[in-house]
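Enquirer: No sequence on hand, only this structure:
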């Protein structure tokens, strides 16, 4: 079972940003959050979902030319 509330550090790693960016997103209304009695932020995991995209493998095209082919067109 996954936790519903995560720390800004965990959210930052998931989104590949700094944890201060996560706090700015909270204040701007992009992410749902709550404050603990000690003042710490807790981010709602569900609010991250729209900003996380599945990683797709990059399609790379490799073009290999020999030295002769490169200089023939010159």
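Expert: Cool, the structure landed. Just so it is clear, the structure is predicted and the values come from calculations on it, not from any experiment.
Enquirer: got any ranges where the protein has weak pLDDT?
Expert: For the chain, the stretches flagged by pLDDT under 70 are 1-2, 54-74.
Enquirer: Strands of that one, residue ranges please.
Expert: All strands of the chain, identified by DSSP state E, fall at 5-6, 33-35, 41-44.
Enquirer: Out of the ones you listed, which is closest to residue 22?
Expert: Within these, the stretch nearest residue 22 is strand 41-44; the backing value is 6.5 Å (Cβ to Cβ). Bear in mind the C-beta positions are built from the backbone N, C-alpha and C, glycine included.
Enquirer: For this protein, just list every one of the helices.
Expert: Under the criterion DSSP state H, the chain contains helices at 8-15, 19-28, 67-72.
Enquirer: Name the stretch among the strands of the chain that sits most buried.
Expert: The highest average neighbour count among the strands of the chain, using mean count of other Cβ atoms under 10 Å, belongs to strand 41-44 at a mean of 20.
Enquirer: Show the secondary-structure elements that that strand is packed against.
Expert: On a contact count with 3 or more Cβ pairs under 8 Å, 6 or more residues apart in numbering; DSSP states H and E, strand 41-44 meets strand 5-6, helix 8-15, helix 19-28, strand 33-35.
Enquirer: burial of residue 29, as a residue count?
Expert: Residue 29 has 8 neighbours, counted by other Cβ atoms under 10 Å.
Enquirer: Distance to residue 52 for the helices of the chain - can I get that in JSON lines?
Expert: As requested, the helices of the chain are exported to JSON lines (distance: least, Cβ to Cβ, whole Å):
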{"stretch": "helix 8-15", "distance to residue 52": "6"}
{"stretch": "helix 19-28", "distance to residue 52": "13"}
{"stretch": "helix 67-72", "distance to residue 52": "42"}
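Enquirer: which of these is buried the deepest?
Expert: Stretch with highest mean neighbour count among the helices of the chain: helix 8-15 (a mean of 18; mean count of other Cβ under 10 Å).
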